[in-house]
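Peer 1: Structure for the following, please:
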Amino acid sequence: MAMIEDAADRAAIDAFGRVGTAMITPFTPEGAVDLPAVEATVDHLVGLGNDMLVVSGTTGEASTTTDTEKTEILRAVVSAAAGRARIVAGVGTNHTAQSISLAHSAQDAGAHGLLSVTPYYSRPTQDGVIAHTRALADATDLPVMLYDIPGRSATALDTQTILTLAEHPRILAVKDAKGSLAASQEVLASGTIAYYSGEDALNLPLLSIGAVGIVSVVGHVAADRFSTLVSLVASNDVATARRIAADLVPLVDAIMNRMPGVVAAKAALELLGVIPSRTTRLPLLPADAQQVDAVRLALRRSEYLTC
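Peer 2: Presented below is the predicted three-dimensional model:
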């Protein structure tokens, strides 16, 4: 018997999909945005089963791309996806006016939704977060997914803040990377906003308490299995879902725990022949030979790489 989705879940699924990857931004060896490699990455991700692509998030190295580059990347992704996936643009910054400008550009470029990270570094009050996020949500007609990741933003979204923001008609979901299942379950009990796992190590636990989908880094490689995982949990086949999640533990560990996720994801895509270069922009360094070997071993163990 499949799980019954409430209205909030259905609205989010319709807006964003269920299985998404927070896309890397490929660069040339000289550090320029590699638009042909962007297009190749889109084809690879859609082919794996992603029905959502998140552009210019943390894994997209948004902090080191210009606003002009962000628009160019987004346009390339929208064009390459050609309607095969929902495209969600990361527009969150710690400057509300800049976030609104990025939201306008994203809508003009054809994005289907917006990802709004909690303003970082400034450490605003919860009331400040609410005012910032409402201003962003009011700026366009696009649905908004909140990004709760206090490990990077330094400010967690309180339960009441999320519930207050959920009252906005365009704020439909949370990408949850807070690492507190109790806090997530408290919000989910309200039935007013949908949740997506934003932390690959907690994909199965979050799905088991009511998350409707995943926004992943490991999805660069394993979105096919994550898609199966989401479907199994939705069908209440938790035993099979647990086996799939267990099989993915070494891959999740290699990509998420040994080095920054974007560094590992780029190394994996280079090994798989999707992108020609694993170049990152400083202050991130690309994977060194030892790190590449660790990613290669994990890909072989999970049978995504045979050579």
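Peer 1: list the contacts for residue 162?
Peer 2: Residues near residue 162 by Cβ atoms under 8 Å, 6 or more residues apart in numbering: 146, 148, 174, 187, 193. Glycine gets a C-beta too; all of them are placed from N, C-alpha and C.
Peer 1: for residue 130, same thing?
Peer 2: Per Cβ under 8 Å, 6+ apart, neighbours of residue 130: 161, 164-165.
Peer 1: Repeat that for residue 170.
Peer 2: Each residue near residue 170 by Cβ under 8 Å, 6+ apart is listed here: 137, 141-144.
Peer 1: Out of the contacts of residue 130, which comes closest to residue 277?
Peer 2: Taking Cβ to Cβ as the measure, residue 277 sits nearest to residue 165 out of these, at 38.9 Å.
Peer 1: Quick check: buried residues in the lowest-mean-pLDDT helix or strand in the chain?
Peer 2: Least confident helix or strand, the chain: helix 150-153 with a mean of 94, by mean pLDDT, DSSP states H and E. Neighbour-count burial for helix 150-153, counted by 16 or more other Cβ atoms under 10 Å, picks out residue 153.
Peer 1: Then stretch 109-127?
Peer 2: Under 16+ other Cβ under 10 Å, the buried positions of stretch 109-127 are 109, 111-120, 124, 126.
Peer 1: Mind putting the residues you listed into a markdown table with pLDDT, secondary structure and distance to residue 103?
Peer 2: What follows is those, written out as a markdown table (pLDDT from 0 to 100; DSSP: H, G, I helix; E, B strand; the rest coil; distance: Cβ to Cβ, whole Å):
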| residue | pLDDT | secondary structure | distance to residue 103 |
| --- | --- | --- | --- |
| 109 | 98 | helix | 11 |
| 111 | 98 | coil | 9 |
| 112 | 98 | coil | 13 |
| 113 | 98 | strand | 10 |
| 114 | 98 | strand | 6 |
| 115 | 98 | strand | 10 |
| 116 | 98 | strand | 9 |
| 117 | 97 | strand | 13 |
| 118 | 96 | coil | 16 |
| 119 | 96 | coil | 14 |
| 120 | 95 | coil | 17 |
| 124 | 97 | coil | 18 |
| 126 | 98 | helix | 21 |
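Peer 1: mind putting these in TSV, distance to residue 46 included?
Peer 2: TSV is the format used below for those (distance: Cβ to Cβ, whole Å):
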residue	distance to residue 46
109	18
111	16
112	14
113	17
114	20
115	18
116	24
117	24
118	29
119	31
120	30
124	36
126	37
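Peer 1: just curious, which of those residues is nearest to residue 204?
Peer 2: residue 115 (22.5 Å).
Peer 1: sorry, back to before: can you tell me which of the contacts of residue 130 are in strands?
Peer 2: Among these, no member falls in strands (criterion: DSSP state E).
Peer 1: nearest to residue 82, of those residues?
Peer 2: residue 165 (32.2 Å).
Peer 1: bridging residues for the nearest residue to that closest one once chain neighbours are set aside?
Peer 2: Nearest non-adjacent residue to residue 165, counting by Cβ to Cβ, 6 or more residues apart in numbering: residue 171, 4.9 Å away. Taking DSSP bridges as the rule, residue 171 bridges to residue 144.
Peer 1: Pull the number of nearby residues for residue 171.
Peer 2: If you count neighbours by other Cβ atoms under 10 Å, residue 171 ends up with 23.
Peer 1: picking that back up, reformat the contacts of residue 162 as JSON lines; add pLDDT.
Peer 2: Shown next, in JSON lines, are the contacts of residue 162 (pLDDT from 0 to 100):
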{"residue": "146", "pLDDT": "98"}
{"residue": "148", "pLDDT": "97"}
{"residue": "174", "pLDDT": "98"}
{"residue": "187", "pLDDT": "97"}
{"residue": "193", "pLDDT": "98"}
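Peer 1: Of those residues - the most surrounded one?
Peer 2: Ranked by the number of neighbours (other Cβ under 10 Å), the contacts of residue 162 place residue 146 first, at 28 neighbours.
Peer 1: element containing that one, please.
Peer 2: Secondary structure assigned from DSSP states H and E places residue 146 in strand 144-148.
Peer 1: Now do that strand: which elements does it pack against?
Peer 2: When contacts are defined as 3 or more Cβ pairs under 8 Å, 6 or more residues apart in numbering; DSSP states H and E, strand 144-148 sits against strand 113-117, helix 126-139, helix 159-165, strand 171-176.
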